[in-house]
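Participant: sequence first, then the predicted structure:
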Amino acid sequence: MAYVTEYKNKGMIMATITFIGLGNMGGPMASNLVKAGHDVTVFDLSKDAVAALVSEGAKTADTAHEAAKGAECVITMLPAGKHVEAVYLGEDGLLASLPEGTLVIDSSTISPETARGVAEQAEAKHIPFLDAPVSGGVGGAKAGTLSFICGGDEGTFNKAKPILEAMGKNIFHAGDHGAGQVAKICNNMLLAILMAGTSEALALGVKNGLDPVVLSEVMKQSSGGNWALNVYNPWPGVMEAAPASRGYEGGFLVDLMNKDLGLAFDNAVKNHAAIPMGSLARNLFELHAGQGNGTLDFSSIQRLYKPE
């Protein structure tokens, strides 16, 4: 099966794509595929999420199987490994009905072992599979500037790249199946550490009478600058577009960060790797979630240091 159809008169590469999972990240990603001119069919349990994409020009179907009929490429963006396995595996999974050659891209953040397991079953059915988790947050998803961290063979990666480029600007091939997930959990563990440390530093400065806007700019232009501080500042009112300035609503949820930190911790145990700072970050975010903040953006960890 051809993965894409080239419209020579426009010099554009198009594909018939099914996108499953229209959450905070998946919705904007699917939207960018529609805007790029791809023929997109979407499926999600949320009728409102589906309706929003249909209003932009996407098609829909009543089930995932119906949505995937005739697709050259299936993309999933789901909360956890159990959801990925439920969609793809078993007698009712998509792999049982997808034609040989259908390109499958999973952009969920799941364990490397789960990604390898799905890839193994896909390849047994001659269905090329790529694990392609993303980095860049909701802002990157909306702007089409995500980073895709891909695991799979090089041929599959090269076939997927033109499609991924409609949703992101940095497309990395990390290695074989599961490598994308390993790189992603390392990245998110570091992100959690940076966000917790940034929140702590801001709280200390404010305790000493510093203006959080001034302190943020000082650290941004100094050696303490980092993505959490420079792009996603956790102190309310410092960055107008950041979740902190809208009550920490939307964005990347604390519960999802905890899931990713759990994946990093489990991987460290299996590989006998010491992650003292990652473990501390996991404990901090678990404590924060236990205080009723699980559905807030992960930058709300600032509240541990600045109770509201």
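Facilitator: Received the coordinates, thanks.
Participant: can you confirm residue 17 is in a helix?
Facilitator: No - applying DSSP: H, G, I helix; E, B strand; the rest coil, one finds residue 17 to be strand, outside a helix.
Participant: so where's the stretch 151-300 of the chain uncertain?
Facilitator: By pLDDT under 70, the stretch 151-300 of the chain contains no weakly predicted segment.
Participant: same thing but at 90, please
Facilitator: The stretch 151-300 of the chain contains residues with pLDDT under 90 at 250-251.
Participant: domain-wise, how is this structure divided?
Facilitator: Structural domains assigned to the chain are 5-176, 182-305, following automatic domain parsing.
Participant: winner for burial among the ones you listed?
Facilitator: domain 5-176 (a mean of 20; mean count of other C-beta atoms under 10 Å). Where C-beta positions appear, they are placed from N, C-alpha and C, glycine not excepted.
Participant: as a check, name the ranges of all strands in the chain.
Facilitator: Under the criterion DSSP state E, strands of the chain are mapped to 5-7, 12-14, 16-20, 39-43, 59-60, 73-76, 103-106, 129-131, 134-135, 146-151, 168-175.
Participant: dump those strands to a markdown table, plus distance to residue 93.
Facilitator: Below are the strands of the chain laid out as a markdown table (distance: least, C-beta to C-beta, whole Å):
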| stretch | distance to residue 93 |
| --- | --- |
| strand 5-7 | 27 |
| strand 12-14 | 27 |
| strand 16-20 | 12 |
| strand 39-43 | 14 |
| strand 59-60 | 20 |
| strand 73-76 | 11 |
| strand 103-106 | 11 |
| strand 129-131 | 13 |
| strand 134-135 | 23 |
| strand 146-151 | 20 |
| strand 168-175 | 25 |
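Participant: closest to residue 202 out of these?
Facilitator: strand 134-135 (22.8 Å; C-beta to C-beta).
Participant: tell me the strands beside the closest one, with direction?
Facilitator: Note on strand 134-135: by DSSP bridges, its sheet partners are strand 146-151 (antiparallel).
Participant: the partner strand vs strand 168-175, what angle?
Facilitator: With axes from the mean of the first three to the mean of the last three C-alpha atoms, to 10 degrees defining the directions, strand 146-151 sits at 20 degrees from strand 168-175.
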